[in-house]
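S.K.: Next input, structure requested:
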Amino acid sequence: MRQIVFVCVFAAAILTCSGNSARAQTVAVGPYYAVPSWDQTIACTTPASCPRFVVLANMNSDAVLDRETGLVWDRRPDSNLASFSQAEASCVAKNIGSRRGWRLPTVSELQTLLDPSQSSPALPDGHPFENVNFSFLSAYWTSTVASSANFGPGNDVFGVTFENSAASIFFNKANGSANKWCVRGGMGLPQSR
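M.R.: Here you go, the predicted structure:
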């Protein structure tokens, strides 16, 4: 039993210390486990020099790993307006890179993509996302229920716009329409509805 534990610890140490983890996350064989570290910031200036975002070749380059948070985002968010229930169902049915497990993000998760120094879109320099709608009138659904009762208890959810970094708004789940940007991994905690 001691030998098995020692071998496992030794193998883990080799994987951790190999220094090839950046390559493994894109095309090389081998695991890459993003360590969600919400206290780190990874600066980006251009797509060529942006270590924060990794376009995942193993998912047909249709998904992006955010190394700051460990979240995996749809690279091309849907710019068609949808109701809350349509957006939620669409994310649940999403199949990117032959992988399921997609969902609407929480407001906190979606706001991690906002860059306070940018506008139109308020995304970090060097981001690899395509098709992001950044008009102030075009927000993205989140799964976070707002505590206000503008539309009745439990009917308000937060939305996030990418026109500027200060724009989080309320939506009526029953009557609103917004864009959807699906995410995989992370918190994924059930939201009260």
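S.K.: What is the least confident helix or strand in the protein?
M.R.: Using mean pLDDT, DSSP states H and E, helix 21-24 stands out as the lowest-scoring helix or strand of the chain, at a mean of 36.
S.K.: so after that one, what's the next helix or strand?
M.R.: Going down the chain from helix 21-24, the next helix or strand is strand 53-55, by DSSP states H and E.
S.K.: separation between residue 130 and residue 77?
M.R.: Noted for residue 130: a distance of 9 Å to residue 77, by CB to CB, to the nearest Å. Just so you know, the C-beta spots here come from the backbone N, C-alpha and C atoms, and that holds for glycine as well.
S.K.: which of these two has more neighbours?
M.R.: Ranked by neighbour count (other CB atoms under 10 Å), residue 130 and residue 77 place residue 77 first, with 18 against 10.
S.K.: From residue 106, how far off is that one?
M.R.: Residue 77 is 16 Å from residue 106, where distance means CB to CB.
S.K.: now do residue 174
M.R.: To residue 106, residue 174 is 20 Å away according to CB to CB.
S.K.: Could you pull out the buried residues of stretch 130-149?
M.R.: Under the neighbour-count criterion of 16 or more other CB atoms under 10 Å, stretch 130-149 has 132-134, 138-146 buried.
S.K.: Pick the one among those residues closest to residue 162.
M.R.: Lowest distance from residue 162 to these (CB to CB) belongs to residue 134, with 4.2 Å.
S.K.: tell me the SS of that closest one?
M.R.: Going by DSSP: H, G, I helix; E, B strand; the rest coil, the secondary structure assigned to residue 134 is coil.
S.K.: quick check: mean pLDDT across the host helix or strand of residue 87?
M.R.: Taking DSSP H and E as the definition, one finds residue 87 inside helix 84-93. Across helix 84-93, pLDDT averages out at 95.
S.K.: what's the next secondary structure element after that helix?
M.R.: The element immediately downstream of helix 84-93 (helix or strand, assigned by DSSP H and E) is strand 102-103.
S.K.: which among the buried residues of stretch 130-149 gets closest to residue 185?
M.R.: residue 143 (14.1 Å).
S.K.: Please list all residues in contact with the closest one.
M.R.: Going by CB atoms under 8 Å, 6 or more residues apart in numbering, residue 143 touches 88, 103-106, 157, 191.
S.K.: Against residue 66, how distant is it?
M.R.: 18 Å.
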